[in-house]
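Visitor: sequence and predicted structure below; questions after.
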Amino acid sequence: MRSAITRHMKRILATFSIAALSITFGSCSAQKEAVAPGPLTPLTGPAAPVKTTRNTAYVTPPVQGPVQRNPDINLPSNFSKGGNISFSRVPSAGQYVAITFDDGPHSQNTPRLLDMLRARNIKASFFVVGRNVDLYPGIARQIVAEGHEIASHSYTHRLLTKMSDDQVRQEFDKTRDAIVKATGVQPRVMRPPYGALLQRQREWVHAQYGYPTILWSVDPNDWQRPGSAAICSRILTQTSSGAIILAHDIHVGTVDAMPATLDGLLKKGYKFVTVSQLLAMQSSGAAAP
Ligand code: NI
(Lines give C-alpha, C1' and ligand atoms only; values in the text may rest on other atoms or scores of the structure.)
Protein backbone atom coordinates (compact mmCIF):
# COMPACT_ATOMS: atom_id res chain seq x y z
CA MET A 1 0.00 0.00 0.00
CA ARG A 2 2.77 2.32 1.02
CA SER A 3 4.65 1.66 -2.22
CA ALA A 4 1.43 2.12 -4.18
CA ILE A 5 1.03 5.56 -2.62
CA THR A 6 4.67 6.37 -3.33
CA ARG A 7 4.23 5.32 -6.96
CA HIS A 8 1.12 7.43 -7.13
CA MET A 9 2.93 10.45 -5.67
CA LYS A 10 5.81 9.99 -8.11
CA ARG A 11 3.38 9.91 -10.96
CA ILE A 12 1.70 13.12 -9.82
CA LEU A 13 5.10 14.77 -9.40
CA ALA A 14 6.16 13.67 -12.88
CA THR A 15 2.98 15.07 -14.36
CA PHE A 16 3.57 18.36 -12.59
CA SER A 17 7.17 18.64 -13.75
CA ILE A 18 6.16 18.02 -17.37
CA ALA A 19 3.51 20.70 -17.02
CA ALA A 20 6.03 23.07 -15.40
CA LEU A 21 8.54 22.45 -18.21
CA SER A 22 5.96 23.23 -20.84
CA ILE A 23 5.24 26.51 -19.05
CA THR A 24 8.92 27.44 -18.65
CA PHE A 25 9.75 26.91 -22.31
CA GLY A 26 6.63 28.65 -23.53
CA SER A 27 5.91 27.88 -27.12
CA CYS A 28 5.86 30.28 -30.01
CA SER A 29 2.68 28.76 -31.36
CA ALA A 30 -0.48 30.53 -30.37
CA GLN A 31 -2.41 27.32 -29.89
CA LYS A 32 -0.77 24.35 -28.33
CA GLU A 33 -2.01 21.12 -26.97
CA ALA A 34 -1.64 20.88 -23.23
CA VAL A 35 0.29 18.00 -21.68
CA ALA A 36 -2.68 16.03 -20.50
CA PRO A 37 -2.16 13.95 -17.37
CA GLY A 38 -3.14 10.33 -17.88
CA PRO A 39 -6.02 8.84 -15.91
CA LEU A 40 -5.00 8.43 -12.28
CA THR A 41 -5.03 4.91 -10.83
CA PRO A 42 -7.44 4.74 -7.92
CA LEU A 43 -5.67 4.16 -4.61
CA THR A 44 -8.12 1.59 -3.35
CA GLY A 45 -10.49 -0.93 -4.83
CA PRO A 46 -10.40 -2.58 -8.20
CA ALA A 47 -9.62 -0.35 -11.12
CA ALA A 48 -12.84 0.09 -13.02
CA PRO A 49 -12.07 0.61 -16.67
CA VAL A 50 -13.90 3.62 -18.04
CA LYS A 51 -13.97 3.98 -21.78
CA THR A 52 -14.14 7.48 -23.16
CA THR A 53 -13.70 8.63 -26.71
CA ARG A 54 -10.79 10.96 -27.32
CA ASN A 55 -11.86 14.55 -27.83
CA THR A 56 -9.73 15.53 -30.78
CA ALA A 57 -11.66 18.75 -31.33
CA TYR A 58 -10.37 20.29 -28.11
CA VAL A 59 -7.70 22.94 -28.48
CA THR A 60 -6.08 24.70 -25.54
CA PRO A 61 -7.54 28.19 -25.54
CA PRO A 62 -5.17 31.13 -25.92
CA VAL A 63 -4.02 32.75 -22.70
CA GLN A 64 -6.74 34.91 -21.24
CA GLY A 65 -6.51 37.45 -18.49
CA PRO A 66 -3.49 39.35 -17.23
CA VAL A 67 -0.16 38.98 -19.06
CA GLN A 68 3.31 39.81 -17.76
CA ARG A 69 3.92 43.54 -17.99
CA ASN A 70 7.00 45.52 -18.83
CA PRO A 71 7.97 47.64 -15.80
CA ASP A 72 7.34 51.38 -15.86
CA ILE A 73 10.54 52.82 -17.26
CA ASN A 74 11.35 56.43 -16.65
CA LEU A 75 14.69 56.82 -18.39
CA PRO A 76 15.97 59.82 -20.35
CA SER A 77 15.73 59.73 -24.13
CA ASN A 78 17.96 62.74 -24.85
CA PHE A 79 20.95 60.95 -26.29
CA SER A 80 24.15 62.78 -27.08
CA LYS A 81 24.59 63.91 -30.69
CA GLY A 82 28.32 63.25 -30.53
CA GLY A 83 29.96 59.88 -30.91
CA ASN A 84 28.66 57.12 -33.15
CA ILE A 85 26.25 57.90 -35.93
CA SER A 86 25.25 54.29 -36.77
CA PHE A 87 23.87 51.74 -34.34
CA SER A 88 22.83 48.13 -34.71
CA ARG A 89 22.72 47.56 -30.94
CA VAL A 90 23.83 49.17 -27.69
CA PRO A 91 25.83 46.53 -25.82
CA SER A 92 26.24 48.65 -22.67
CA ALA A 93 22.49 48.79 -22.16
CA GLY A 94 22.24 45.81 -19.83
CA GLN A 95 19.08 43.79 -20.13
CA TYR A 96 17.26 46.50 -22.04
CA VAL A 97 16.16 45.93 -25.62
CA ALA A 98 14.35 48.07 -28.21
CA ILE A 99 11.76 46.55 -30.50
CA THR A 100 11.17 48.46 -33.73
CA PHE A 101 8.40 48.28 -36.32
CA ASP A 102 8.99 49.49 -39.88
CA ASP A 103 7.00 50.65 -42.90
CA GLY A 104 3.67 51.59 -41.25
CA PRO A 105 1.35 52.92 -40.19
CA HIS A 106 -0.97 50.22 -41.51
CA SER A 107 -4.71 50.70 -41.22
CA GLN A 108 -5.47 47.39 -39.45
CA ASN A 109 -2.23 45.83 -38.28
CA THR A 110 -0.81 48.86 -36.48
CA PRO A 111 -3.85 49.48 -34.21
CA ARG A 112 -3.94 45.75 -33.39
CA LEU A 113 -0.26 45.85 -32.49
CA LEU A 114 -0.80 48.95 -30.35
CA ASP A 115 -3.39 47.02 -28.31
CA MET A 116 -0.87 44.21 -27.71
CA LEU A 117 1.85 46.64 -26.63
CA ARG A 118 -0.52 48.56 -24.34
CA ALA A 119 -1.62 45.37 -22.59
CA ARG A 120 2.04 44.72 -21.71
CA ASN A 121 3.13 48.29 -20.94
CA ILE A 122 5.73 48.03 -23.71
CA LYS A 123 7.00 51.14 -25.52
CA ALA A 124 8.25 50.41 -29.02
CA SER A 125 9.78 52.50 -31.80
CA PHE A 126 7.90 52.93 -35.08
CA PHE A 127 9.98 53.74 -38.16
CA VAL A 128 7.20 55.11 -40.28
CA VAL A 129 7.05 55.76 -44.00
CA GLY A 130 6.05 59.41 -44.49
CA ARG A 131 3.61 58.54 -47.25
CA ASN A 132 1.74 56.22 -44.88
CA VAL A 133 1.67 58.88 -42.16
CA ASP A 134 -0.09 61.16 -44.64
CA LEU A 135 -2.55 58.33 -45.36
CA TYR A 136 -3.19 57.46 -41.69
CA PRO A 137 -2.34 60.49 -39.54
CA GLY A 138 -4.73 59.35 -36.81
CA ILE A 139 -2.78 56.13 -36.30
CA ALA A 140 0.51 58.06 -36.20
CA ARG A 141 -1.05 60.29 -33.55
CA GLN A 142 -2.13 57.22 -31.56
CA ILE A 143 1.43 55.80 -31.71
CA VAL A 144 2.77 58.96 -30.07
CA ALA A 145 -0.16 59.35 -27.65
CA GLU A 146 0.51 55.87 -26.30
CA GLY A 147 4.13 56.71 -25.48
CA HIS A 148 5.94 55.07 -28.38
CA GLU A 149 8.78 56.63 -30.31
CA ILE A 150 8.02 57.71 -33.87
CA ALA A 151 10.98 57.79 -36.24
CA SER A 152 11.71 58.40 -39.90
CA HIS A 153 11.94 55.65 -42.51
CA SER A 154 11.89 57.98 -45.56
CA TYR A 155 8.84 59.19 -47.49
CA THR A 156 8.65 56.78 -50.43
CA HIS A 157 10.68 53.80 -49.14
CA ARG A 158 12.96 53.91 -52.18
CA LEU A 159 16.66 53.01 -52.09
CA LEU A 160 18.49 56.13 -50.87
CA THR A 161 21.98 55.09 -51.99
CA LYS A 162 21.07 55.89 -55.61
CA MET A 163 19.72 59.35 -54.77
CA SER A 164 21.29 62.79 -54.84
CA ASP A 165 21.52 64.72 -51.58
CA ASP A 166 18.64 66.89 -52.79
CA GLN A 167 16.44 63.85 -53.27
CA VAL A 168 17.45 62.44 -49.89
CA ARG A 169 16.62 65.81 -48.37
CA GLN A 170 13.13 65.63 -49.87
CA GLU A 171 12.64 62.17 -48.38
CA PHE A 172 13.51 63.28 -44.86
CA ASP A 173 11.91 66.73 -45.07
CA LYS A 174 8.58 65.35 -46.26
CA THR A 175 8.60 62.58 -43.65
CA ARG A 176 9.46 64.98 -40.83
CA ASP A 177 6.71 67.35 -41.98
CA ALA A 178 4.14 64.53 -42.17
CA ILE A 179 5.09 63.32 -38.66
CA VAL A 180 5.02 66.82 -37.16
CA LYS A 181 1.70 67.61 -38.84
CA ALA A 182 0.10 64.38 -37.58
CA THR A 183 1.63 64.12 -34.11
CA GLY A 184 3.23 67.43 -33.13
CA VAL A 185 6.58 65.78 -32.40
CA GLN A 186 9.84 65.66 -34.35
CA PRO A 187 11.51 62.36 -35.23
CA ARG A 188 14.96 62.05 -33.64
CA VAL A 189 16.32 58.95 -35.32
CA MET A 190 15.97 57.36 -38.74
CA ARG A 191 16.38 54.03 -40.47
CA PRO A 192 17.08 54.01 -44.21
CA PRO A 193 14.89 51.69 -46.32
CA TYR A 194 16.57 48.26 -46.62
CA GLY A 195 19.13 49.49 -44.09
CA ALA A 196 21.04 50.94 -47.03
CA LEU A 197 22.83 54.26 -46.74
CA LEU A 198 26.38 55.14 -47.76
CA GLN A 199 28.72 56.23 -44.98
CA ARG A 200 28.98 59.66 -46.60
CA GLN A 201 25.19 59.94 -46.65
CA ARG A 202 24.92 58.84 -43.02
CA GLU A 203 27.28 61.63 -42.05
CA TRP A 204 25.39 64.11 -44.22
CA VAL A 205 21.98 63.17 -42.75
CA HIS A 206 23.42 63.32 -39.24
CA ALA A 207 24.85 66.79 -39.88
CA GLN A 208 21.64 68.04 -41.53
CA TYR A 209 19.01 66.52 -39.22
CA GLY A 210 20.85 65.16 -36.20
CA TYR A 211 19.45 61.69 -36.96
CA PRO A 212 21.71 58.73 -36.18
CA THR A 213 21.27 55.77 -38.55
CA ILE A 214 19.49 52.97 -36.69
CA LEU A 215 20.03 49.47 -38.02
CA TRP A 216 19.33 46.26 -36.06
CA SER A 217 20.93 43.24 -34.40
CA VAL A 218 17.89 40.93 -34.56
CA ASP A 219 16.28 40.20 -37.92
CA PRO A 220 13.55 37.54 -38.13
CA ASN A 221 13.18 38.15 -41.91
CA ASP A 222 9.48 38.58 -41.25
CA TRP A 223 9.00 40.34 -44.61
CA GLN A 224 9.41 36.90 -46.21
CA ARG A 225 6.31 35.82 -44.26
CA PRO A 226 7.76 32.66 -42.73
CA GLY A 227 4.80 32.28 -40.35
CA SER A 228 4.23 33.55 -36.85
CA ALA A 229 5.91 30.67 -35.02
CA ALA A 230 9.13 31.13 -37.02
CA ILE A 231 9.13 34.89 -36.47
CA CYS A 232 8.66 34.39 -32.75
CA SER A 233 11.34 31.72 -32.33
CA ARG A 234 13.87 33.64 -34.46
CA ILE A 235 13.43 36.75 -32.32
CA LEU A 236 13.61 34.80 -29.05
CA THR A 237 16.75 32.97 -30.21
CA GLN A 238 18.61 36.00 -31.57
CA THR A 239 17.85 38.58 -28.89
CA SER A 240 20.53 39.49 -26.37
CA SER A 241 20.99 42.48 -24.06
CA GLY A 242 21.09 45.83 -25.84
CA ALA A 243 19.47 44.39 -28.96
CA ILE A 244 17.61 46.39 -31.56
CA ILE A 245 14.90 44.10 -32.93
CA LEU A 246 13.61 44.60 -36.47
CA ALA A 247 10.00 43.78 -37.36
CA HIS A 248 7.32 45.11 -39.73
CA ASP A 249 3.86 46.12 -38.55
CA ILE A 250 2.52 46.05 -42.12
CA HIS A 251 2.46 42.22 -42.11
CA VAL A 252 -0.38 40.40 -40.40
CA GLY A 253 1.84 37.41 -39.55
CA THR A 254 4.32 39.65 -37.73
CA VAL A 255 1.57 41.14 -35.58
CA ASP A 256 0.15 37.65 -34.97
CA ALA A 257 3.59 36.62 -33.70
CA MET A 258 3.85 39.46 -31.20
CA PRO A 259 1.91 38.18 -28.15
CA ALA A 260 4.09 35.06 -27.86
CA THR A 261 7.24 37.01 -28.81
CA LEU A 262 6.72 39.84 -26.32
CA ASP A 263 5.68 37.46 -23.55
CA GLY A 264 8.69 35.25 -24.29
CA LEU A 265 11.12 38.19 -24.08
CA LEU A 266 9.53 39.47 -20.84
CA LYS A 267 9.78 35.96 -19.39
CA LYS A 268 13.49 35.91 -20.23
CA GLY A 269 13.89 39.10 -18.17
CA TYR A 270 14.31 41.64 -20.96
CA LYS A 271 12.91 45.13 -20.45
CA PHE A 272 11.70 47.22 -23.34
CA VAL A 273 12.77 50.81 -24.02
CA THR A 274 12.61 53.04 -27.07
CA VAL A 275 15.56 53.41 -29.41
CA SER A 276 16.30 56.92 -28.10
CA GLN A 277 16.32 55.62 -24.53
CA LEU A 278 18.68 52.84 -25.58
CA LEU A 279 21.00 55.39 -27.22
CA ALA A 280 20.86 57.61 -24.13
CA MET A 281 22.20 54.70 -22.06
CA GLN A 282 25.16 54.51 -24.41
CA SER A 283 25.87 58.25 -24.26
CA SER A 284 25.62 58.31 -20.46
CA GLY A 285 28.55 55.89 -20.57
CA ALA A 286 26.99 53.31 -18.27
CA ALA A 287 24.09 50.95 -18.36
CA ALA A 288 21.11 52.08 -16.36
CA PRO A 289 20.25 49.80 -13.47
NI1 NI B 1 11.35 49.32 -44.62
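Guide: Yes, it's here. Numbers count the residues shown, from 1 in each chain.
Visitor: from now on I want contacts and neighbour counts done on CA atoms only, so please keep to that.
Guide: Fine.
Visitor: could you pull up the mean pLDDT of stretch 217-228?
Guide: Mean pLDDT, stretch 217-228: 96.
Visitor: straight-line length of it, end to end?
Guide: Using Cα to Cα, to the nearest Å, the end-to-end distance of stretch 217-228 comes out at 19 Å.
Visitor: what lies in contact with that stretch?
Guide: 28-29, 88-89, 230-232, 234-235, 238-239, 243-248, 251, 253-254, 256-257 (Cα atoms under 8 Å, 6 or more residues apart in numbering).
Visitor: same thing but at 6 Å, please
Guide: Identification of contacts with stretch 217-228 by Cα atoms under 6 Å, 6 or more residues apart in numbering yields S88, R89, I231, R234, I235, Q238, A243, I244, I245, L246, G253, A257.
Visitor: give me the buried subset of these.
Guide: R89, I231, R234, I235, A243, I244, I245, L246, G253, A257 (16 or more other Cα atoms under 10 Å).
Visitor: ok, how many other residues are close to R118?
Guide: 14 (other Cα atoms under 10 Å).
Visitor: which strand or helix spans it?
Guide: Applying DSSP states H and E as the criterion places R118 in helix 109-119.
Visitor: buried residues, the helix or strand that that helix is followed by. List them.
Guide: Where DSSP H and E defines the elements, the next helix or strand beyond helix 109-119 is strand 125-128. Neighbour counts over strand 125-128 (16+ other Cα under 10 Å) mark S125, F126, F127, V128 as buried.
Visitor: my guess is the third one meets E149, correct?
Guide: Pointing back at F127 there. No: between F127 and E149 there is no contact under Cα atoms under 6 Å: 8.4 Å.
Visitor: so what does M190 have for phi and psi?
Guide: Dihedral angles of M190 (phi, psi; degrees, to the nearest 10) stand at phi -140, psi 160.
Visitor: output the longest strand belonging to the protein.
Guide: Ordering each strand of the chain by length in residues (DSSP state E) puts strand 96-102 first.
Visitor: show me how far whichever strand or helix holds E171 is from its chain's centre.
Guide: Take DSSP H and E as the rule and E171 turns out to sit in helix 165-183. Remark: helix 165-183 is offset 26 Å from the chain centroid, using Cα atoms, centre = their mean, to the nearest Å.
Visitor: and the contacts of that helix?
Guide: With Cα under 6 Å, 6+ apart as the criterion, helix 165-183 contacts G130, D134, P137, R141, S154, Y155, Q186.
Visitor: contacting residues around the fourth one?
Guide: With contact set as Cα under 6 Å, 6+ apart, R141 has these partners: A182, T183.
Visitor: what about it, distance to N121?
Guide: 18 Å.
Visitor: got it, and the second one?
Guide: Distance of D134 to N121, computed by Cα to Cα: 27 Å.
Visitor: before we move on, what about the first one?
Guide: Computed as Cα to Cα, the G130 to N121 distance reads 26 Å.
Visitor: more crowded one of the two?
Guide: Between G130 and N121, G130 has the larger neighbour count (other Cα under 10 Å), namely 29 against 18.
Visitor: and of the buried ones among the contacts of stretch 217-228, the nearest to the ion?
Guide: L246 (9.7 Å; Cα to the ion).
Visitor: what about the closest one, which helix or strand?
Guide: strand 244-248.
Visitor: residues in contact with that strand?
Guide: Residues contacting strand 244-248 (Cα under 6 Å, 6+ apart): R89, A98, I99, T100, F101, D102, W216, S217, V218, D219.
Visitor: just the helices from the chain, written as ranges.
Guide: For the chain, the helices defined by DSSP state H occupy 2-24, 109-119, 130-135, 137-145, 165-183, 199-209, 228-238, 252-267, 275-283.
Visitor: thinking again about what came up before, quick one: the helix holding R118 to chain centroid distance?
Guide: Worked out by Cα atoms, centre = their mean, helix 109-119 lies 11 Å from the chain centre.
Visitor: can you give me the buried ones in that helix?
Guide: Those would be N109, T110, P111, L113, L114, M116, L117, for helix 109-119 by 16+ other Cα under 10 Å.
Visitor: how about the fourth one: what's its closest non-neighbour residue?
Guide: Which is L113. In space, L113 comes closest to V255 once its chain neighbours are excluded; the distance is 5.9 Å by Cα to Cα, 6 or more residues apart in numbering.
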